[in-house]
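Engineer: Here is the input, now give the coordinates:
(3 chains)
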Amino acid sequence: MPELPEVETINRGMKKYLIGKVISKVEVDWFKSLAYDQKFINKHLINARIDSIDRRGKVLIISLSNNFNLLFHLKMTGQLVYKSDKERFGAGHPSDSLINKLPDKSTRIIFYFNDNSKLFFNDQRKFGWAKILDQESLKEFEYLNKLGPEPLDKDFSLKIFKARLDLRKNSKIKSVLLDQSIIAGLGNIYTDESLWMAKIHPLEVINKLSQSRIQKLYESMLEVLNLSISRGGSSDRNYIDIVGKKGTYIDFANVYKKAGMPCKRCSTNIIRIKVASRGTHICPKCQKLLK
DNA sequence: CACTTGACCTGTCCGC
DNA sequence: TGCGGACAGGTCAAGT
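Structural biologist: Model (predicted):
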């Protein structure tokens, strides 16, 4: 599931609800989601307080008072949902059916806090993971070390964007945008949306793109990511935020999952093709391969 | 080096 | 209704 805007939405929600909480118990229902023995988990998580929370690419990093860190990658179907015993959502609340039914059959880990609130890690497809890393292992953590820059950082200029793309100038643009080591955080939805907005075919080789096309892509990418964050992300299937709410960006999508619908610019029907073995949505008229 | 495929998993949807 | 296949927001390893 989650790409940058969804993970960022969860990051903000977790900051709001979880800072200062002390973990009192951890239950793991699927070993691979938190692949440590229970003794290790208890030793490093129980009585630890949540000091700060951050996002890097699609990963969430929770810093604990004991100098350990709890990391999450939600992959396709991961959810992190907070449930407080005090603030029950009443009937009719959009979150009601989701939250009050937890834990459910996709719950893989439950974190209990000392005020009786809980954090559920749900993951239908079991691809996601959580990790417990001390400061040293965090610094050496391959996944994070390989990540490219954050596209929404203030320092992430057009110049840097061009330099990142130049690292793979003989490759096709969509594969490169999906490569987390080039730029961190884009996934299938936001690459398709950004490329449509910039009128670039996903199979275009980077070398062939003009400077102005690349600038347009840079601006489109930032616009799409910022809009999505402001809408709480995309709930195409099962993405929900920390309190169980869906994101509404998908209502603004121009191509993603829009095959057969008219392009908003030229009315040509959007089509679905395969790129890097991912379903890819384009307007065949607006996004033509360059000669 | 660039690119594809299969693996990791569960669930839903569509056509027959 | 049942069954098989395609497909799903991500990443990694292995093969061409």
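Engineer: Could you use CA atoms for every contact and neighbour count after this?
Structural biologist: Fine.
Engineer: what about residue A:202, how many residues close to it?
Structural biologist: Counted with other C-alpha atoms under 10 Å, residues neighbouring residue A:202 total 28.
Engineer: And the pLDDT for it?
Structural biologist: With respect to pLDDT, residue A:202 scores 98.
Engineer: do the one 3 residues further on as well
Structural biologist: Reading off the confidence values, residue A:205 has pLDDT 97.
Engineer: which sections of the stretch 51-200 of chain A are below the confidence cut-off?
Structural biologist: Applying pLDDT under 70 to the stretch 51-200 of chain A flags residues A:86-97.
Engineer: cutoff 50 now
Structural biologist: Within the stretch 51-200 of chain A, no range satisfies pLDDT under 50.
Engineer: which bits of it sit near DNA strand B?
Structural biologist: A:105-106, A:124-127, A:168-172, A:175 (C-alpha under 7 Å from any atom of the strand).
Engineer: go again using 6 Å as the cut-off
Structural biologist: A:124-127, A:168, A:170-172 (C-alpha under 6 Å from any atom of the strand).
Engineer: Can I get the buried part of these as one PyMOL selection?
Structural biologist: In PyMOL syntax, the buried subset of these is picked out as below (16 or more other C-alpha atoms under 10 Å):
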select buried, chain A and resi 126+168+171+172
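Engineer: among the residues of the stretch 51-200 of chain A next to DNA strand B, which two are most distant?
Structural biologist: Farthest-apart pair in these is A:124 and A:170; separation 37.0 Å (C-alpha to C-alpha).
Engineer: hey, where'd the strands end up in the stretch 51-200 of chain A?
Structural biologist: Secondary structure of the stretch 51-200 of chain A (DSSP state E, counting those that start in this stretch): strands at A:59-64, A:68-73, A:78-83, A:107-113, A:118-123, A:129-134.
Engineer: tally of neighbours for the residue in chain A positioned nearest to DNA strand C?
Structural biologist: Of all residues in chain A, residue A:237 sits closest to DNA strand C, at 2.4 Å by C-alpha to the nearest atom of the strand. Taking other C-alpha under 10 Å as the criterion, the count of residues near residue A:237 is 10.
Engineer: ranges for the helices of the stretch 51-200 of chain A?
Structural biologist: Under the criterion DSSP state H, counting those that start in this stretch, helices of the stretch 51-200 of chain A are mapped to A:96-100, A:135-139, A:142-146, A:158-166, A:173-178, A:188-197.
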